[in-house]
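make a model of this:
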Amino acid sequence: MRAIAFEQLGQPDVLQVVNVPTPEPGPGQVAVDVAWAGVNFADAKARSAGYRVPQFPFVPGLEVAGTVRALGPGVTGLTVGQHVTAMLASGGYAETVIAPADATFAVPGALDLRDAAALTTVLATGYGLLHDVARLREGETVLVQGAAGGVGTVTGQLARAAGAGRVFGVVSRPDKAEYARKFGYDEVFVGADFDEQVLKATDGRGVDVALDPVGGDSWRRSVASLARYGRAVSFGNAGGETPWSAGFGDLSPRGISVAGFSILTIGATDPEQLRSLAERAFREAERAGVTLPVTAEFPLDEAARAHELLESRSSTGKLLLRVR
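Prediction:
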């Protein structure tokens, strides 16, 4: 079978098509013939910086949608030929993948495989951020970094569906602001001074919840945007700066809270929690009609082009690889 792998860190051109044996599932595993694979920033970070790369060659890819090919010993609740999505530690850029049964989910009837591939990871991330970590309450205000990306597009809709009073987004370019406004955002701010824009828009009060995948100065400004008793959640360090830290002196004057969230770590350490989170997220998406536009798709052997677009920071919505 074909897969996309890299044997050294570097630019997108290190991604190469390789032919490898079709894998067979072991106990508690599922083999999935992949129709679509999601492209995420973590994939690009793995290729360029070695993020979560234990050895070479390495096949990136954290989420797929496809058809169950075979079940390993002990797997129940799934059937051969069933349409499923799966969350992976790696390996999604391939024609067939091996996924943990605990992280493999039947595709809801309202979704086709393409939609399911786009939604799987970002939907669980957005739902977990708002409900499990930030514990959003009806009427509260929310600020989301990267509002035009996959997680941002979904999270704006989820916040609106949960009864948020006002939903604010932050993007890097004016054209992305126009895009984001279609997905639940009341206002979308452009520029590094977004904390000042937030305070102006809220008459100096700030927001109740701030969600930030960037880190560094973006994280500091997200925290500065909080209202009294507000909650900030970091779910990435896309900027590559020194990881944040906070002490009593930073938090106590306004009684604010800070937290972290990683969907990959939850999947690796607590698969039952991941399953619960994903199932709740899909139910809410069906109830609220949450959508995520696929703004570009590439054949598997053009994965390098997908990474180039992703890293250009000009893309919006979700990028997919068309595998089968």
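
quick one: distance of stretch 303-320 to the chain centre.
14 Å (C-alpha atoms, centre = their mean, to the nearest Å).

got the CA coordinates for it in PDB?
In PDB, the C-alpha atoms belonging to stretch 303-320 read as follows (Å, rounded to 0.1, in the frame of the first residue of the first chain):
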ATOM      1  CA  ALA A 303       0.600  15.900   0.800                       C
ATOM      2  CA  ALA A 304       3.600  18.300   0.500                       C
ATOM      3  CA  ARG A 305       1.300  20.800  -1.300                       C
ATOM      4  CA  ALA A 306      -1.200  20.500   1.500                       C
ATOM      5  CA  HIS A 307       1.600  21.300   4.100                       C
ATOM      6  CA  GLU A 308       2.700  24.300   2.000                       C
ATOM      7  CA  LEU A 309      -0.800  25.700   2.000                       C
ATOM      8  CA  LEU A 310      -1.200  25.100   5.700                       C
ATOM      9  CA  GLU A 311       2.000  26.800   6.600                       C
ATOM     10  CA  SER A 312       1.400  29.800   4.400                       C
ATOM     11  CA  ARG A 313      -1.200  30.800   7.000                       C
ATOM     12  CA  SER A 314      -3.500  31.800   4.100                       C
ATOM     13  CA  SER A 315      -5.800  28.800   4.400                       C
ATOM     14  CA  THR A 316      -9.200  28.700   6.200                       C
ATOM     15  CA  GLY A 317     -11.500  25.900   7.300                       C
ATOM     16  CA  LYS A 318     -10.200  22.300   6.900                       C
ATOM     17  CA  LEU A 319      -7.600  20.700   4.500                       C
ATOM     18  CA  LEU A 320      -8.000  17.100   3.600                       C
END
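
check which residues of it are buried.
303-311, 315-320 (16 or more other C-beta atoms under 10 Å). (Glycine included, C-beta is placed from N, CA and C.)

which ones among these lie within strands?
Lys318, Leu319, Leu320 (DSSP state E).

in a markdown table, list these along with pLDDT.
Conversion of these to a markdown table gives the following (pLDDT from 0 to 100):
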| residue | pLDDT |
| --- | --- |
| Lys318 | 91 |
| Leu319 | 94 |
| Leu320 | 97 |
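
could the residues you listed be laid out in a markdown table, adding distance to Val53?
Output for these, formatted as a markdown table (distance: C-beta to C-beta, whole Å):
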| residue | distance to Val53 |
| --- | --- |
| Lys318 | 23 |
| Leu319 | 20 |
| Leu320 | 22 |
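
and the helices in the protein?
41-49, 113-127, 150-161, 174-180, 194-201, 216-224, 248-251, 263-269, 271-288, 303-311 (DSSP state H).

packing partners for the fourth one?
Translated: helix 174-180. Under the contact definition 3 or more C-beta pairs under 8 Å, 6 or more residues apart in numbering; DSSP states H and E, helix 174-180 sits against helix 150-161, strand 166-171, strand 187-190.
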